[in-house]
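Enquirer: the amino acid sequence is not available; the structure is as follows:
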């Protein structure tokens, strides 16, 4: 995986995971602010940015294991983790599977919960699903490209259009319908939920649901912010809340790390 480190080399480690269709660059301005106090690890998730494709059609659990393996390779016994959107659902999986490795968790507009759909919306989605199968069958029989040229252009989501045909679209289809409720309920570590008030991709009711599911969580709604509350000057606002949350016990943790390093050096 393509990764970069930002900030204090002796700071408490923070791994940051970007959203679908993004790269580590989307979180870099926020990481540079957090790096004044933390050792930030920015990662291009496999299949995004400069990281190669996964070797199979991964789900979020497999992405989580890849991040855990990275942390192990860096000698990170325990670390904080921040996930945005798709990266948030990966962070939830990681925290539920490897609780001892996680110190604190920050979720920004995390995916992984089913959307609340009205009856008319459900009818529409059913129609689109049926039409998709019909168009694909027509393509196969007539050997044309109606699905890619016309159907996707009209009915495909932004993420689906931006995902290259093949493995990444398969992964999108697999992960977009994943449900992280059971994983979220397992999380006992302190968790900060940062949500844009005007987020339409992961609406406020999802933030409230995660707040109910994760016992030791704190929810902060950011007025007039969307699914990317850390963009532009929003990075300073997000950094303020994140650093207040992380600093609750990171100074103590960092002292323990430094004390252990000094002890090992004298042995």
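Expert: Yes, it's here. All of these numbers come straight from a predicted model, not from anything done at the bench. Numbering: from 1, shown residues only.
Enquirer: and the closest residue to residue 9 other than its chain neighbours, what are its bridge partners?
Expert: Sequence neighbours aside, residue 39 is the residue nearest to residue 9 in space, at 6.2 Å (criterion: CB to CB, 6 or more residues apart in numbering). Bear in mind the C-beta positions are built from the backbone N, C-alpha and C, glycine included. Taking DSSP bridges as the rule, residue 39 bridges to residue 7, residue 13.
Enquirer: residue 39 against residue 16, yeah?
Expert: No. Because the distance of 11.3 Å does not satisfy CB atoms under 8 Å, residue 39 is recorded as not touching residue 16.
Enquirer: the more surrounded of these two?
Expert: residue 16 (26 against 22; other CB atoms under 10 Å).
Enquirer: the more buried one should be in a helix, yeah?
Expert: No. Under DSSP: H, G, I helix; E, B strand; the rest coil, residue 16 falls outside any helix and is assigned strand.
Enquirer: does it touch residue 26 like I think?
Expert: No. Contact criterion CB under 8 Å: residue 16 and residue 26 do not qualify, at 9.8 Å.
Enquirer: next, residue 222: phi, psi?
Expert: Here is the backbone geometry of residue 222 (degrees, to the nearest 10): phi -100, psi 110.
Enquirer: correction: the previous question concerned residue 108.
Expert: When read as degrees, to the nearest 10, the backbone of residue 108 gives phi -120, psi 110.
Enquirer: residues touching it, list them.
Expert: By CB atoms under 8 Å, 6 or more residues apart in numbering, the contact list for residue 108 reads 82, 83, 84, 85, 88, 194, 195, 229, 230, 238.
Enquirer: now do residue 180
Expert: 60, 89, 92, 93, 110, 111, 112, 113.
Enquirer: do the same with residue 226
Expert: 196, 198, 199, 200.
Enquirer: over to residue 245?
Expert: Taking CB under 8 Å, 6+ apart, one finds 104, 106, 190, 192, 218 in contact with residue 245.
Enquirer: residue 25: how many residues sit nearby?
Expert: By other CB under 10 Å, the burial measure for residue 25, its neighbour count, is 14.
Enquirer: try residue 43
Expert: Residue 43: 23 neighbours (other CB under 10 Å).
Enquirer: that one reaches residue 14, doesn't it?
Expert: No. Counting by CB under 8 Å, residue 43 does not reach residue 14; the two are 11.3 Å apart.
Enquirer: what residue ranges in the chain score low on pLDDT?
Expert: 116-132, 135-136, 142, 146-166, 248-267 (pLDDT under 70).
Enquirer: spatially central residue for it, please.
Expert: The C-alpha lying nearest the average C-alpha coordinate of the chain belongs to residue 87 (CA atoms, centre = their mean; 1.2 Å).
Enquirer: remind me which helix or strand it belongs to.
Expert: helix 86-97 (DSSP states H and E).
Enquirer: so how far is that helix off the chain centroid?
Expert: In terms of CA atoms, centre = their mean, to the nearest Å, the centre of helix 86-97 is found 7 Å from the chain centre.
Enquirer: check stretch 29-45 too.
Expert: On CA atoms, centre = their mean, the centre of stretch 29-45 falls 15 Å from that of its chain.
Enquirer: same check on stretch 45-53?
Expert: The answer for stretch 45-53 is 14 Å, by CA atoms, centre = their mean.
Enquirer: run through who's touching that stretch.
Expert: Taking CB under 8 Å, 6+ apart as the rule, stretch 45-53 contacts 1-2, 17-18, 21-25, 43-44, 54, 58, 63, 66, 86-87, 90, 167-168, 171.
Enquirer: try 6 Å this time
Expert: 1, 2, 23, 24, 44, 54, 167, 168 (CB atoms under 6 Å, 6 or more residues apart in numbering).
Enquirer: mind listing what the third one touches?
Expert: Under the criterion of CB under 6 Å, 6+ apart, the contact partners of residue 23 comprise 44, 48, 49.
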